[in-house]
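Student: Sequence plus predicted model, see below.
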Amino acid sequence: MTAVRIIPCLDIDGRKGVVVKGVNFQGLREVGDPIELAMKYDDEGADELVILDITASIEDRPTFLKVVKEVATSVSIPVTIGGGVRSLEDADKLFKAGADKVSINTAAVKRPQLVEELARQYGSQSTVVAIDAKRIGSRYKVYIKSGGTPTDLDAVVWAVKAADLGAGELLVTSIDKDGTRSGYDIELLRAISSSVTIPIIASGGAGEMRHFYEGALAGAQGLLAASLFHFGIIKIRELKEYLASRGVEVRLDYD
Amino acid sequence: MRVAILDYTVGNIGSLVSALSRVGAQVVVTRGREIADADALILPGVGTFSAASALARQASEYVGQKPMLGICLGMQLMFNSSEEGEGSGLGIFPGRVVRIVADRVPHIGWEHTRSTGACALLEDGYYYYLHSYGVESAGRPYEAAYIDLGKRYVAAVCDEERAVFGVQFHPERSGKKGLRLFRRFLELAKG
């Protein structure tokens, strides 16, 4: 069995090059320096990092690319980079800056063919599709543009299609749960995890160690959180020991 | 210590360059003459088999001449052929690269890797994998480590006599264990 991955997420203000954190995708506050945080998490046993440019626009790119490059060369674990990727050229810049995987969201919904192109060029294993989902009645709807714009897509249907197009991994974020610390959206994770055979990363809502365990049980191969780690509420080593004690395979041999 | 990374891809070898630099190597990324001057050669691990196979061929002439390490796709290129696409591998090790059969494919993440004891570069433990294709068996005496994904796959191969090594995982993204592997490889290249 592959070890379940603990993944701190750094949301970057691409204009300033600092790590920020919002609640329900809104109300940002600065929490620290990306390189410092990344190196700390690497040291503490994080299994991967996700770095998202949450203010992405083309003119903001140079600052963000510099951050990516510095983080990627400072850590010895893989980094997934996303935010504002609209084309193969955008992805190429991120790979050249040091991304091991590139994540696309809005652009994939608007032009699904981009998933195919990325997978062909860089391999499925480096192509991540991020899905921001919000519960509407008994279903989940896909939202784009940092959660601001609803689409007609059903999240599970889109997950299956993204996998068919060549996505190698799905980053599944619950908009309802994000920043609430009330636990991952287990139903959403179950629905997607049982519909695809590619790995999925759970995101949005983790607030205590039990939530990570529940996420793993729901079928997620990666468990992502941001503020919990940034504010030192949960230590990665303790979290991994807790998961191991409950029978979840984790990597603990990182010294 | 000069290490040449064979440049046959688009994409990211930045992490590989920085990991090698961190353990004291002088790194040059090249597909030309500089390979001949280097103390060791690395076949990196990004791209696709068919795209890389033609450019990888020039590594053939250095087999047995200088220590060589293939990473991920770079290891796969050391075998005969691949289901992933056209082109032939270097045939340093016998076998064919096939699409992985496992619960989740691509195989992404940290996998407990078991050494067979055949290779001094390796220690047991978790290494980072990122791949959809793999090798089921490299045969004795080459198979140096394996992983179990329900089915068994080759994690490392080695031919110490010719100083040729291949790893399916990414040492440059495998924490301190990965750096230690690079360090041992460089020591070996020092002779």
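Tutor: Received it, and whenever you're ready, just let me know what you need.

Student: those strands in the chain, which residues are they?
Tutor: No chain in the question, so chain A it is. Using DSSP state E, the strands found in chain A span residues A:5-13, A:18-23, A:26-32, A:49-53, A:79-82, A:101-104, A:127-136, A:139-144, A:149-154, A:169-174, A:200-203, A:222-225.

Student: switch to chain B, that's the one I care about
Tutor: B:2-6, B:26-30, B:40-43, B:68-71, B:81-82, B:96-99, B:107-115, B:125-131, B:133-135, B:143-148, B:152-159, B:164-167.

Student: Not counting the longest one itself, show me its contacts.
Tutor: Residues from elsewhere that reach strand B:107-115, judged by CB atoms under 8 Å, 6 or more residues apart in numbering or on different chains: A:2-5, A:47-48, A:125, A:168-169, A:199, A:221-222, A:249, A:251, B:100, B:122-132, B:134, B:144-149, B:155-156, B:169, B:174. In this view, the C-beta of every residue, glycine as well, is placed from N, C-alpha and C.

Student: what do you get for the fifth one?
Tutor: Surrounding strand B:81-82, the residues in contact under the criterion CB under 8 Å, 6+ apart are B:49, B:76, B:87-89, B:96-98, B:133.

Student: For those residues, pick the one with the most neighbours.
Tutor: Most neighbours among the contacts of strand B:81-82, by other CB atoms under 10 Å in any protein chain shown: B:Gln76, with 31 neighbours.

Student: Read off the pLDDT value for that one.
Tutor: Per-residue confidence (pLDDT) for B:Gln76: 96.

Student: Repeat that for A:Gln113.
Tutor: 98.

Student: got it, and B:Ser15?
Tutor: In this prediction, B:Ser15 carries a pLDDT score of 88.

Student: go on, the one 3 residues further on?
Tutor: According to the prediction, B:Ser18 has pLDDT 91.

Student: Any stretches of the chain with poor pLDDT?
Tutor: Since you didn't name a chain, this refers to chain A. The model of chain A has pLDDT under 70 over residues A:22-27, A:56-60.

Student: my bad, chain B
Tutor: Within chain B, the segments meeting pLDDT under 70 span B:9-11.

Student: Next one: the closest residue in space to B:Ala36 that isn't next to it in sequence from chain A, what distance?
Tutor: Residue nearest to B:Ala36 in three dimensions, not counting chain neighbours: B:Tyr62, with 8.0 Å by CB to CB, 6 or more residues apart in numbering or on different chains. Taken as CB to the nearest CB, to the nearest Å, the spacing of B:Tyr62 relative to chain A amounts to 26 Å.

Student: show me the contacts for B:Tyr62.
Tutor: B:Tyr62 touches B:35-36, B:41, B:68, counting by CB under 8 Å, 6+ apart.

Student: rerun at 7 Å
Tutor: B:35, B:41, B:68 (CB atoms under 7 Å, 6 or more residues apart in numbering or on different chains).

Student: What's the local residue count around the last one?
Tutor: Just to be clear, that refers to B:Met68. For B:Met68, using other CB under 10 Å, the count is 27.

Student: give the contact list for it.
Tutor: By CB under 7 Å, 6+ apart, the contact set of B:Met68 is B:41, B:59, B:62, B:163-165.

Student: Of these, which is the nearest to chain A?
Tutor: B:Phe165 (19.4 Å; CB to the nearest CB).

Student: Could you pull up the contacting residues of the closest one?
Tutor: B:68-69, B:119, B:121, B:158, B:185.

Student: Name the residues of chain B found near chain A, please.
Tutor: Proximity of chain B to chain A, by CB under 7 Å from any CB of the partner chain, involves residues B:10-12, B:14-15, B:18-19, B:48, B:104-111, B:125-126, B:128, B:130-132, B:173, B:175-176, B:178-179.
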